[in-house]
Every structure is written in structure tokens, then in C-alpha cells.
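>>> predicted coordinates and the sequence they were generated for:
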Amino acid sequence: MACTHLSTSARTRVRTLAAVASAAALLAVTGCGAADMTRQASPFAAPAGIRTVTLSVQSWVGAQANVAVAQQLLEDRLGYRVDLVQTDEVPAWDALSQGRVDAIMEDWGHPDQEKLYVHDKKTIVPGGDLGVTGHIGWYVPKYWADQHPDVTNWKNLDKYADELRTPESGNKGQLMDGSPSYVTNDTALVKNLDLDYKVVFAGSEAAQITQMQQFAKQRKPFLSYWYKPQWLFNEVPMVEVKLPAYTEECGAKDAKAIDCAYPTTPLQKYLNADFANRGGEAAAFLKKFHWSERDQNEVSELIASEKLSPEKAAERWIDTHPGTWKKWIS
């Protein structure tokens with residue numbers, strides 16, 4: 001998961017949660033999602049006679065690919081107006097519960113939010129599998145792993161800490177992460193596995209990709225938090241470092257006590273409960289939206305690598321994959 005910015009176009013109407021000031025206020029109130037915002041009314045009431053859908057857009061390009069294709073099909077084939085709201089992962093659940101957005105297209109697993117809103121308050125309902133399986137891990141470039149095969153076992157990482165020092169990591173090796181807002185156990189893992197490393201946040205997916213591309217161009221080693229699916233593997237082949245095996249017991253620990261690998265996660269969609277009941281064709285379409293890792297990477301690479309707008313990338317995919325998307329609107 002990572003940060004590229006949405007391209008602006010005449011079709012893409014991105015609204016913040018009541019503009020910058022109220023978005024900041026919302027985040028201040030919600031904190032880590034503990035506040036109960038389910039009773040707040042949405043400021044985005046649809047004008048009479050206009051069928052609208054509001055989708056949450058996370059910052060990594062795979063999430064943008066989902067939304068770009070969904071938006072275009074909802075508008076061109078089903079006649080809806082689609083509005084987009086950029087939100088971080090946890091605030092997106094609060095916004096969905098309130099009805100400020102109607103759907104999250106890609107969730108990487110937030111059990112606390114799921115318990116609160118799906119099981120307890122019942123303001124959010126599952127929207128089904130996206131069709132993509134996500135996995136977070138630690139990765140090194142293949143050209144380096146080929147020279148040092150033992151680096152792919154976490155027990156040997158300290159041997160290479162000196163080679164991975166950067167000005168940001170000081171006298172420790174650098175473990176590069178993307179945005180602090182993403183699902184990450186890395187600070188706990190470094191501490192609990194007693195590794196001679198420091199987590200350094202690039203700040204966004206785009207910044208992290210740029211750093212990895214620069215390292216690869218110079219054939220320098222790096223160790224990075226990364227995830228699949230992600231189009232960058234096509235450009236910079238990487239090998240995953242084997243961490244202690246994930247178990248449900250480990251996954252249930254307090255976040256600061258985590259000492260195992262990340263799980264493999266079938267990515268899920270979620271809908272606002274009222275929208276799921278009253279959303280008609282749009283809700284049915286979003287529940288049926290189901291594509292492959294290959295499909296998502298195809299659109300993501302067009303956006304992030306070939307620099308097409310999300311709209312143009314979605315158009316290209318839609319033109320060449322009618323057999324996939326027609327199932328979603330039948």
C-alpha cells in the first residue's frame with residue numbers, strides 16, 4: 001500500500017471531508033477510530049433526482065485503480081454521478097459508518113473497526129471479496145539476494161546492517177517504510193526480533209517507489225516494507241525476507257508485541273449499511289466488482305509508471321476486458 005496522488009480531470013470530482021479544515025477537524029475527533037461518529041449526518045446529501053455514489057479512495061495506486069474502473073462504469077454504464085473522497089485507512093471506516101462515503105473498495109484488514117462497525121453497531125456491511133489477495137512483507141532487491149542468498153532469512157539481517165545504513169537511519173541499518181498511516185508492525189518487529197535496524201518512513205508510496213527505483217538504478221542494496229499486488233515488482237524484481245511464521249496467536253497480540261510475519265489477506269470491500277439496502281444498481285454493482293491481481297496491476301502500472309490519468313487508465317482496461325466487467329452490471 002502506498003501513496004500516489006490522484007490526477008485531476010473533468011470527470012474526477014474529489015471532495016475532501018468538508019474541505020481541508022473540516023477534514024482536519026474530523027481526524028482530530030476520530031483519532032484512531034475510537035470516537036462514535038455513526039450518528040453524524042452526512043454533508044453530501046444528493047440533489048433531488050440525481051443518483052450519486054461516493055467512494056473512498058486510499059492513497060496507494062492499487063486502491064486508485066479499483067476506484068477509477070468502478071467510477072467509470074458507474075457513470076458511463078449505469079448513469080450515476082460518482083464523487084471521490086480521499087481518506088486514510090482508519091478514518092475511512094468512520095466516514096463509511098457515517099454515510100460520508102458509500103463504499104471502501106479495498107481493505108487490508110482492520111479487525112477492531114470491523115468489530116465496532118460491522119458486528120456491534122451494524123452500520124457497515126461486508127461487500128465481498130475484491131478478488132485480490134494482499135500480502136505485506138520485507139523485501140530486498142533480487143540482484144542483491146542473488147549475491148547474498150542468506151539475506152532472505154531475518155536471522156541473517158544484522159550481518160548486512162552496515163551495508164544498509166543511511167543518513168536517516170544513523171548507525172543502524174535502514175528498514176524503509178512508506179506512510180505511517182499504513183498497516184505496519186515494523187517498529188515492533190525490529191524491537192521484538194532485536195534487529196540492528198531503524199524504521200525510516202519515506203512518507204508516501206510515491207516517495208518509497210522513487211527511492212527503490214534510485215537504489216535499483218545504482219544497484220545498491222535496500223530492505224523495504226512492501227506488498228503485493230504491486231506493479232513495481234515488474235520493474236524492480238524483489239525477494240521476500242522470511243520472517244517468523246505468522247500464527248493466529250501472534251496476530252492476536254497487542255500491536256507492540258508482534259514478533260511474526262504479516263498474514264496473507266484476501267482484500268475485502270465494505271459498504272455503508274443503509275447504502276447496501278437502498279443503493280440499487282450501484283450497490284449491486286459494487287458487490288459484484290471482482291477482479292484479479294493481474295487486472296489491478298495492469299491499471300496501476302498505467303497510472304503510476306506510464307503516467308496516464310486514472311480515467312485514461314480505466315478506459316484502456318475497460319476497452320480490452322469486457323468479458324470481466326460485463327459480469328458486474330448484468
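All right, it came through fine.
>>> care to break the protein down by domain?
Domain assignment of the chain by automatic domain parsing yields the ranges 13-133+267-329, 135-264.
>>> and Pro126, helix, strand or coil?
For Pro126, the assignment made with DSSP: H, G, I helix; E, B strand; the rest coil gives strand.
>>> so which bits of stretch 295-308 are buried?
For stretch 295-308, burial by neighbour count (16 or more other CB atoms under 10 Å) applies to Asp295, Gln296, Asn297, Glu298, Val299, Ser300, Glu301, Leu302, Ile303, Ala304, Leu308. Heads up, the C-betas are built off the backbone N, CA and C, glycines and all.
>>> looking at those, which is nearest His119?
The closest of the buried residues of stretch 295-308 to His119 turns out to be Gln296 (CB to CB; 28.3 Å).
>>> let's verify that closest one: helix, strand, or coil?
Three-state assignment for Gln296 (three-state DSSP): helix.
>>> now do Ser56
Here Ser56 is recorded as strand under three-state DSSP.
>>> I'd assumed Ile104 was in contact with it.
Yes - Ser56 lies in contact with Ile104 (CB atoms under 8 Å); the separation is 4.8 Å.
>>> which neighbours do those two have in common?
Ala92, Leu96 (CB atoms under 8 Å, 6 or more residues apart in numbering).
>>> ranking the domains of the chain by mean pLDDT, which is last?
Among the domains of the chain, domain 13-133+267-329 carries the lowest mean pLDDT, a mean of 84.
>>> OK, contacts around the closest residue in space to Lys288 that isn't next to it in sequence?
Nearest non-adjacent residue to Lys288, counting by CB to CB, 6 or more residues apart in numbering: Trp328, 4.2 Å away. By CB under 8 Å, 6+ apart, Trp328 lies in contact with Leu73, Phe285, Lys288, Phe289, His290.
>>> beyond the helix or strand that contains Lys198, next helix or strand please.
Using DSSP states H and E, Lys198 sits within strand 197-201. Using DSSP H and E, the helix or strand that directly follows strand 197-201 along the chain is helix 205-217.
>>> ok, which stretches of this protein are helices?
All helices of the chain, identified by DSSP state H, fall at 19-30, 61-76, 89-98, 111-113, 142-147, 186-192, 205-217, 232-235, 248-251, 273-278, 280-288, 293-304, 310-320, 322-329.
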